[in-house]
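Asks: Generate a structure from the sequence data that follows.
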Amino acid sequence: MDDKNRHPGMNPINDTNLTRESWKIFQIMAEFVEGFERLARIKPSVSIFGSARTKTDHPYYQLTVEIARTLSDAGFSVVSGGGPGIMEAANKGAFEGKSPSVGLNIQLPHEQSGNEYQDIRLTFRHFFSRKVMFVKYAAAYVVMPGGFGTLDEMAEILTLIQTGKTRRIPIILVHAPFWTGLIDWFKNTLVTEQTINPEDLDLIQVLDKPQDILNAIFSHYEHQGFEPSAEEAEVLLDL
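Replies: Numbers count the residues shown, from 1 in each chain. Next comes the predicted model:
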């Protein structure tokens, strides 16, 4: 009995679509290769996330510029999503500082316009390959107020560290009033329901000032240095 008769509800394979799907593999490979080649040279780096909707006159925007400039002047390349809002603020602050400003742009149905403050500009079709680039070379994550995309990036790095799929790095949430409700929910619901362990909350710091953020990152690496250990490097190969 052929597949069509055994599974009458299944659609027959369209050879054209199958070919297109197969060739997408090479497009995905190209994104990874370009990302690895261009970003391997920017270490140490800090990835900054936040809302694309934040206006340039908003306090969050101004705070992000200050944070990114502080990090850049301290020797960290700053990586953002390359778009408007907080992403632009992160690139702008780094652009004004001493270290490279990196934008990992994404092609969207409603086209995201890249900001003008990028020393290194990469453009991705696929969110998943872009997300790997945010993680692979990051010495820290700085998470500004944002929406679903920001929460997605935060949950991604928390999951990767929690499950041992990447090395532990500082995850810093900025502006306590914005994040307090979420942190309380983590404590009062996720821990209580035993869907996370109490010690998982130790992966997160909530800070408000640029210098405190910089100090927290340096404190984390004080005894180990920014380069991954041999064991960590092996883990990152399988990220």
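Asks: give the contact list for residue 48.
Replies: Each residue near residue 48 by CB atoms under 8 Å, 6 or more residues apart in numbering is listed here: 64, 67-68, 78-80, 86-87, 90, 141-144. From N, CA and C alone the C-beta is placed, and that goes for glycine too.
Asks: Give me the phi and psi for it.
Replies: Note on residue 48: its backbone torsions stand at phi -120, psi 130 [degrees, to the nearest 10].
Asks: Would you check how far apart it and residue 89 are?
Replies: 8 Å (CB to CB, to the nearest Å).
Asks: cool, residue 61 as well?
Replies: Distance of residue 61 to residue 89, computed by CB to CB: 5 Å.
Asks: Could you name every residue contacting both of the two?
Replies: residue 54.
Asks: Neighbour count for these two, which is higher?
Replies: Of the pair residue 61 and residue 89, residue 89 is the one with more neighbours under other CB atoms under 10 Å, namely 29 against 23.
Asks: Where does that one sit: helix, strand or coil?
Replies: What DSSP: H, G, I helix; E, B strand; the rest coil gives for residue 89 is helix.
Asks: ok, which stretches of this structure are helices?
Replies: Here the chain has its helices, by DSSP state H, at 3-6, 15-39, 59-73, 86-96, 127-136, 148-162, 176-185, 210-220, 230-237.
Asks: Tell me which of those helices sits most buried.
Replies: Highest mean neighbour count of the helices of the chain: helix 86-96, a mean of 28 (counted as mean count of other CB atoms under 10 Å).
Asks: CA atoms of that one as PDB?
Replies: Coordinates of each C-alpha in helix 86-96 appear next as PDB, following Å, rounded to 0.1, in the frame of the first residue of the first chain:
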ATOM      1  CA  ILE A  86      16.200  50.900  22.300                       C
ATOM      2  CA  MET A  87      18.200  49.100  19.600                       C
ATOM      3  CA  GLU A  88      19.100  52.400  18.100                       C
ATOM      4  CA  ALA A  89      20.000  53.900  21.500                       C
ATOM      5  CA  ALA A  90      22.300  51.000  22.200                       C
ATOM      6  CA  ASN A  91      24.000  51.400  18.800                       C
ATOM      7  CA  LYS A  92      24.200  55.200  19.200                       C
ATOM      8  CA  GLY A  93      25.900  55.000  22.600                       C
ATOM      9  CA  ALA A  94      28.400  52.400  21.400                       C
ATOM     10  CA  PHE A  95      29.000  54.500  18.200                       C
ATOM     11  CA  GLU A  96      29.900  57.500  20.400                       C
END
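Asks: Show me what it packs onto, helices and strands only.
Replies: Based on contacts counted as 3 or more CB pairs under 8 Å, 6 or more residues apart in numbering; DSSP states H and E, the elements that helix 86-96 packs against are strand 45-49, helix 59-73, strand 77-80, strand 101-106.
Asks: The ones you listed: which one's closest to residue 169?
Replies: strand 45-49 (9.2 Å; CB to CB).
Asks: picking up where we left off before, output the helices and strands packed on helix 86-96 in a markdown table, with distance to residue 94 appended to each entry.
Replies: Below are the helices and strands packed on helix 86-96 laid out as a markdown table (distance: least, CB to CB, whole Å):
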| stretch | distance to residue 94 |
| --- | --- |
| strand 45-49 | 9 |
| helix 59-73 | 4 |
| strand 77-80 | 3 |
| strand 101-106 | 4 |
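Asks: out of the ones you listed, which comes closest to residue 34?
Replies: strand 101-106 (11.0 Å).
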